[in-house]
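Trainee: below is the structure, and that's it, no one-letter string:
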C-alpha cells in the first residue's frame, strides 16, 4: 500500500483518482477555498481526506506522517518569506521524500496536468496515458492574488541547498527512465528531494 500526500490545486481530483487505484492511500491539502467545488470534493473534505488549508502555515500532521509528499503548482505563488517556512514543513511531514513540480520560468508553463501521470507512474508503476500540457497566460493570477514566480532550475537548486534539502538523484533517475519508457516529456520542472532525517 502506497501512502501519499498531495499538496496543490485540484487535490480533490488527484486524490479521487488515486483512491480508485486501490493500491494507494491518498490524502490531500487544497490551498484554495473550495466553495465552487463539486459534491465529490466536498465529501472528501467532510471526510477529512482532503484539507482546505493555507499552506503558508504548518500542516496539522506529525513528522514523517507520509512516505511521499507531492507538491504541484503551489510553491510558485509564495514569496520567499513563506517559501522558507512551507517547503521545510513539507519535508517535516515526509518520511522518504518530497517531489516538487514547479513551472518553467523560460516557457511560463505551469505543471498541474503532469501530476497524476507522475504519481501513477512512480507510485503504482503501471502504464498510463499522459494528460495534455497547458501553457499559462503570462499574467495568469492565482487565487492567492498574485502571479506565479516561475523560477529557474538553478534558482531552485540554490534554494534547496540554502534550506538543507538534498536532491534524491536515484528517485530523479527512476522518474526520468519511467517517463522515457512512456514517451513522456514533462512540461514543468520536477525535483525529487530527500526528507530531513
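Mentor: Noted; the coordinates are in hand. Fair warning: this is a prediction, and the values are worked out from it, not measured in the lab.
Trainee: show me the strands in this protein, by range?
Mentor: For the chain, strands defined by DSSP state E occupy the ranges 2-7, 24-30, 50-52, 66-72, 94-102, 189-194.
Trainee: count the neighbours of the residue lying closest to residue 25 once chain neighbours are set aside for me.
Mentor: Excluding the flanking residues, the one nearest residue 25 by Cβ to Cβ, 6 or more residues apart in numbering is residue 3, at 4.5 Å. C-beta here means a position set from N, CA and C on the backbone, and glycine is covered the same way. Counted with other Cβ atoms under 10 Å, residues neighbouring residue 3 total 15.
Trainee: and if you look at the one 10 residues further on?
Mentor: Counted with other Cβ under 10 Å, the burial measure for residue 13 works out to 20 neighbours.
Trainee: check residue 48 too.
Mentor: 8.
Trainee: who's in contact with it?
Mentor: Contacts for residue 48 were tallied using Cβ atoms under 8 Å, 6 or more residues apart in numbering; there are none.
Trainee: how close does residue 67 get to residue 97?
Mentor: 8 Å (Cβ to Cβ, to the nearest Å).
Trainee: next up, the contacts around the most centrally placed residue in the chain.
Mentor: For the chain, the residue nearest the mean C-alpha position is residue 71 (1.8 Å; Cα atoms, centre = their mean). For residue 71, the contact set (Cβ under 8 Å, 6+ apart) comprises 6-8, 87, 90, 98-101.
Trainee: state the distance from it to residue 36.
Mentor: From residue 71 over to residue 36 (counting by Cβ to Cβ), the distance is 22 Å.
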